[in-house]
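K.L.:
sequence? don't have it. structure:
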């Protein structure tokens with residue numbers, strides 16, 4: 001448990017030392033103060049029990065009804081006992097506002113952590129590195145769950161468990177002394193036991209804590225696994241939704257159903273293991289709570305029957321004992337919440353550490369990128385796979401502004417990875433690169449089409465207000481998507497709405513909007529028929545005559561439009577095999 005507490009503190013501390021620290025600390029202080037008021041009202045309430053039940057025992061109706069509304073002075077602490085109405089009013093107001101302000105702190109804290117995690121995840125393209133290396137079934141996969149769900153659970157659990165721990169500690173401190181002195185000692189033969197009520201509560205709670213941990217500790221890994229299985233199942237469902245057309249064309253419904261059923265079987269089987277373990281834990285904890293309800297009466301009854309104290313004192317003892325025992329049994333009472341909290345801390349901690357490791361790898365990698373003038377140069381470049389296997393090596397390659405350049409080679413030779421290296425996103429590379437001045441744009445085989453309006457999809461990564469509707473309508477017409485011009489403001493999932501060829505046409509429209517100085521096409525026309533691809537390539541050349549185009553293509557007619565060609569050879573280096581004017 002201590003490592004989890006340290007990890008939780010490391011995750012929580014930055015918020016309370018951030019630019020929101022004073023409002024965060026202030027809210028937390030007020031929440032704690034309100035909860036302590038509730039605790040104090042609980043202490044005062046035990047004295048009200050004494051007054052009210054003594055009135056009942058003596059059948060003193062005026063005194064009983066007076067205790068409902070009026071203050072009365074009593075000797076010693078707490079000196080003044082309010083009526084039930086006053087105690088209840090104060091406790092209700094403090095409890096309601098404690099919960100309200102706790103919700104306020106939760107959403108502010110969650111917002112801050114969410115934005116920080118998103119920023120860290122996107123910085124240095126950590127999201128891309130993790131997608132290359134994150135093993136399934138670990139705290140690193142399913143980043144959507146870490147950011148959307150785990151942060152929410154972490155913040156809520158920290159506040160709920162932390163405040164309840166403080167409240168219970170104060171309850172123990174406030175009531176233990178009263179419980180120690182309120183009743184006479186217990187005489188067993190010749191043995192006199194002072195403070196036996198406190199000792200009984202302590203021993204009962206220690207026994208409960210021990211057996212709760214013994215029975216419940218397997219729930220921690222089971223809960224962790226359940227979150228992983230749930231996330232994997234949800235991810236598989238999203239994959240089916242995003243690739244519905246491809247699955248339909250392959251008639252892959254039965255195979256997808258089999259895969260989804262297998263992933264849900266993991267959820268189902270692990271849930272049964274959680275159920276069985278929880279059943280065993282509930283047998284103990286529910287039984288523990290049931291016995292706790294009668295336990296203080298049983299141990300206090302002998303002195304009551306001897307006339308050592310009145311019914312009012314007996315009920316005060318029962319109330320105080322129950323509160324002390326409940327506070328001492330905090331671990332037993334919140335164990336299921338602790339299990340969920342600990343699993344959440346493990347996932348967030350693992351995810352954050354993985355993101356920071358990605359940042360360190362990015363900062364320490366042996367690949368120097370320098371700004372140059374007119375040409376792109378690669379010197380002593382060695383590109384590897386995530387496994388460490390060498391993929392491509394090149395002593396020197398220079399690409400200057402001029403005629404289009406084609407990059408050829410067998411499938412899997414490293415052509416796309418070479419583009420990723422030039423883009424600066426591939427982390428497994430050593431050497432030196434001089435990048436030219438100007439705007440560089442990369443078009444992968446499967447373009448990214450963001451959610452939102454069609455105009456947003458066309459102008460991405462620019463903002464919609466930066467480009468006029470007329471410009472967008474014009475470029476759509478040029479690339480053969482003029483029929484969509486009237487839908488610029490329509491919000492849709494355009495990646496599913498458009499065919500593969502239409503998505504590639506949209507990406508070319510995006511190039512015409514951005515007008516980059518360098519264009520890298522990685523099979524960016526592969527979904528189009530060869531004649532259409534040739535026409536669109538010629539359109540790029542005509543509309544952007546000063547842009548340098550570098551292409552990976554399997555269309556022979558497109559390759560023929562590139563006067564210069566570089567081939568990735570079998571031995572993993574580059575050969576410039578043709579240059580023509």
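P.N.:
Yep, that arrived. Values in this document were obtained by computation on a predicted structure and should not be read as measured data. Numbering: from 1, shown residues only.

K.L.:
residues near residue 293, how many?
P.N.:
Close neighbours of residue 293, defined as other CB atoms under 10 Å, add up to 10. To be clear about C-beta, it is placed using only N, CA and C from the backbone, and glycine gets the same treatment.

K.L.:
If you could redo that for residue 13, that was the one I meant.
P.N.:
10.

K.L.:
and the closest residue to residue 230 other than its chain neighbours, how far is that from residue 274?
P.N.:
Setting aside the residues directly before and after it, residue 230 is nearest to residue 267 in space (CB to CB, 6 or more residues apart in numbering), at 5.9 Å. Counting by CB to CB, to the nearest Å, the gap from residue 267 to residue 274 is 10 Å.

K.L.:
can you give me the helices for the stretch 351-500 of the chain?
P.N.:
Here the stretch 351-500 of the chain has its helices, by DSSP state H, counting those that start in this stretch, at 415-423, 454-459, 469-478, 494-497, 500-514.

K.L.:
If you count neighbours, what's buried in the following helix or strand past the last one?
P.N.:
Past helix 500-514, further along toward the C-terminus, the next helix or strand under DSSP states H and E is strand 518-522. Of the residues in strand 518-522, those buried by neighbour count under the rule 16 or more other CB atoms under 10 Å are 518-522.

K.L.:
and if you look at stretch 528-548?
P.N.:
For stretch 528-548, the neighbour count (16+ other CB under 10 Å) marks 528, 532-534, 536-537, 539-540, 544, 547-548 as buried.

K.L.:
Now for those: which two are most distant?
P.N.:
In the buried residues of stretch 528-548, two members sit farther apart than any others by CB to CB. They are 532 and 548, at 23.1 Å.

K.L.:
Now for residue 491: which residues touch it?
P.N.:
Shown in contact with residue 491 (CB atoms under 8 Å, 6 or more residues apart in numbering): 451-453.

K.L.:
quick one: least confident of those?
P.N.:
Going through the contacts of residue 491 one by one, the lowest pLDDT turns up at residue 451, 80.

K.L.:
That residue reaches residue 493, doesn't it?
P.N.:
Yes: when contacts are counted by CB atoms under 8 Å, residue 451 is listed as touching residue 493 (6.4 Å).

K.L.:
Just give me how far the longest helix anywhere in the chain sits from the chain centre.
P.N.:
The helix spanning the most residues in the chain, taking DSSP state H as the definition, is helix 253-305. For helix 253-305, the gap between its own C-alpha mean and the chain's C-alpha mean amounts to 26 Å (CA atoms, centre = their mean, to the nearest Å).

K.L.:
I'd like the average pLDDT over the next helix-or-strand element following that helix.
P.N.:
Elements were assigned by DSSP H and E; along the chain past helix 253-305, the next helix or strand is helix 311-328. Over the span of helix 311-328, the pLDDT mean works out to 78.

K.L.:
What's the first helix or strand after helix 311-328?
P.N.:
Of the helices and strands lying after helix 311-328 in sequence (DSSP H and E), the nearest is helix 330-333.

K.L.:
now that following helix, how far from the centre of its chain.
P.N.:
26 Å.

K.L.:
what sits up against it?
P.N.:
Where contact means CB under 8 Å, 6+ apart, the residues beyond helix 330-333 that reach it are 164-165, 168, 205, 208-209, 212-213, 285, 288, 326, 338.

K.L.:
now swap in stretch 179-198 and tell me
P.N.:
Applying CB under 8 Å, 6+ apart, the set of residues contacting stretch 179-198 is 176, 199, 201, 296, 299-300, 302-303, 308-309, 313, 316-317, 320-321, 324.

K.L.:
what about it, how long is it end to end?
P.N.:
One end of stretch 179-198 sits 6 Å from the other (CA to CA, to the nearest Å).

K.L.:
any low-confidence regions in the stretch 451-581 of the chain?
P.N.:
Low-confidence regions of the stretch 451-581 of the chain, defined here as pLDDT under 70, cover residues 570-581.

K.L.:
Narrow the contacts of stretch 179-198 to those that are buried.
P.N.:
Of all the contacts of stretch 179-198 considered here, the ones buried according to neighbour count by 16+ other CB under 10 Å are 176, 201, 296, 299-300, 303, 308-309, 313, 316-317, 320-321, 324.

K.L.:
Mind putting those into JSON lines with distance to residue 24?
P.N.:
Formatted as JSON lines, those follow (distance: CB to CB, whole Å):
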{"residue": "176", "distance to residue 24": "32"}
{"residue": "201", "distance to residue 24": "35"}
{"residue": "296", "distance to residue 24": "40"}
{"residue": "299", "distance to residue 24": "44"}
{"residue": "300", "distance to residue 24": "44"}
{"residue": "303", "distance to residue 24": "49"}
{"residue": "308", "distance to residue 24": "51"}
{"residue": "309", "distance to residue 24": "47"}
{"residue": "313", "distance to residue 24": "44"}
{"residue": "316", "distance to residue 24": "39"}
{"residue": "317", "distance to residue 24": "41"}
{"residue": "320", "distance to residue 24": "35"}
{"residue": "321", "distance to residue 24": "37"}
{"residue": "324", "distance to residue 24": "32"}
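
K.L.:
follow-up on the earlier one: of the contacts of residue 491, closest to residue 68?
P.N.:
Within the set of the contacts of residue 491, residue 451 lies nearest residue 68; the separation is 60.2 Å, counting by CB to CB.

K.L.:
how many other residues sit next to that closest one?
P.N.:
Other residues within reach of residue 451 by the criterion other CB under 10 Å amount to 11.

K.L.:
same question, the one 10 residues further on
P.N.:
Neighbourhood size, residue 461 [other CB under 10 Å]: 9.

K.L.:
Give me the distance between it and residue 62.
P.N.:
The spacing between residue 461 and residue 62, counted by CB to CB, is 79 Å.

K.L.:
Ok, residue 321 next?
P.N.:
If you go by CB to CB, the gap between residue 321 and residue 62 works out to 30 Å.

K.L.:
now swap in residue 209 and tell me
P.N.:
46 Å.

K.L.:
can you map out the helices along the stretch 101-250 of the chain?
P.N.:
When secondary structure is read from DSSP H, counting those that start in this stretch, the stretch 101-250 of the chain shows helices at 126-133, 143-145, 151-182, 196-216, 219-242, 244-250.

K.L.:
closest one to residue 419 among those helices?
P.N.:
Taking CB to CB as the measure, the helices of the stretch 101-250 of the chain were each checked against residue 419, and helix 126-133 came out nearest at 13.7 Å.

K.L.:
so that closest one versus helix 415-423, what angle?
P.N.:
Here helix 126-133 runs at 150 degrees with respect to helix 415-423, directions being taken by axes from the mean of the first three to the mean of the last three CA atoms, to 10 degrees.

K.L.:
what comes up buried for helix 126-133?
P.N.:
Buried residues in helix 126-133, counting neighbours by 16+ other CB under 10 Å, are found at 126-127, 129-130.

K.L.:
So, low pLDDT: which residues of this structure?
P.N.:
Applying pLDDT under 70 to the chain flags the ranges 1, 72-79, 134-141, 183-184, 186-189, 244-246, 249-250, 570-581.

K.L.:
Outline the domain layout of it.
P.N.:
As recorded under automatic domain parsing, the domains making up the chain are 2-362, 368-578.

K.L.:
how far does the longest one stretch from start to finish?
P.N.:
Spelled out, it's domain 2-362. Start-to-end, domain 2-362 (CA to CA) is 32 Å.

K.L.:
For the nearest residue in space to residue 109 that is not next to it in sequence, give me its contacts.
P.N.:
If the residues on either side of it in the chain are set aside, residue 109 comes closest to residue 155, at 4.8 Å by CB to CB, 6+ apart. Shown in contact with residue 155 (CB under 8 Å, 6+ apart): 106, 109-110, 113.
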